[in-house]
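Enquirer: how does the following fold in three dimensions:
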Amino acid sequence: MRISDGVHVRERASDEAHRLHLQPGEVALVPLGFKARLPDGYEAQVRIRSSIAFKRGLIIPNGPGTIDADYPDEWMVMLKNDSPRNVVIEHGERIAQIVLARYAVLEWAPGTVGPSTNRTGGIGST
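Expert: Purely as a prediction, here's the structure:
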């Protein structure tokens, strides 16, 4: 996955026009430069590359980010600079990866939730 500037840039634009600057704590939606439709029953999970997280302090705050099968627009990734320093992402830099995952839709039935009969200690008791 490569970063895309997502804007029209003059033919002789400087390299600065193709960089994304993230200040400490800043969150940005970064366009990925493509869009795709997934088959029903699939989602795309966008994950930060481990080297980017470890070396640069970038995270995906809702990670992994989810792209639904019916999302029609350009795919993006939400990035947060979780480091104490400014981070620059270059155009074309590999920052994330995608995992396609199949999922099932559950049918819900109305009802009430009663006490459990097979556990006694609650969360963390097993």
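Enquirer: drop to CA atoms for contacts and neighbour counts, all remaining ones
Expert: Will do.
Enquirer: distance of the closest residue to Leu100 other than its chain neighbours from Pro72?
Expert: Nearest non-adjacent residue to Leu100, counting by CA to CA, 6 or more residues apart in numbering: Ala44, 4.6 Å away. Going from Ala44 to Pro72 by CA to CA, to the nearest Å gives 13 Å.
Enquirer: please enumerate the strands of the chain.
Expert: For the chain, the strands defined by DSSP state E cover 19-22, 27-31, 42-48, 58-59, 65-68, 76-81, 87-90, 96-102.
Enquirer: any chance of the ones you listed in a markdown table, plus mean neighbour count and mean pLDDT?
Expert: Below are the strands of the chain laid out as a markdown table (neighbours: other CA atoms under 10 Å; pLDDT from 0 to 100):
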| stretch | mean neighbour count | mean pLDDT |
| --- | --- | --- |
| strand 19-22 | 17 | 93 |
| strand 27-31 | 16 | 93 |
| strand 42-48 | 20 | 96 |
| strand 58-59 | 24 | 97 |
| strand 65-68 | 18 | 95 |
| strand 76-81 | 22 | 95 |
| strand 87-90 | 16 | 94 |
| strand 96-102 | 14 | 94 |
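Enquirer: JSON lines please, covering those strands and showing distance to Ala109.
Expert: Below are the strands of the chain laid out as JSON lines (distance: least, CA to CA, whole Å):
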{"stretch": "strand 19-22", "distance to Ala109": "45"}
{"stretch": "strand 27-31", "distance to Ala109": "37"}
{"stretch": "strand 42-48", "distance to Ala109": "24"}
{"stretch": "strand 58-59", "distance to Ala109": "37"}
{"stretch": "strand 65-68", "distance to Ala109": "24"}
{"stretch": "strand 76-81", "distance to Ala109": "34"}
{"stretch": "strand 87-90", "distance to Ala109": "47"}
{"stretch": "strand 96-102", "distance to Ala109": "23"}
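Enquirer: between the ones you listed, which one is closest to Pro115.
Expert: strand 96-102 (32.4 Å; CA to CA).
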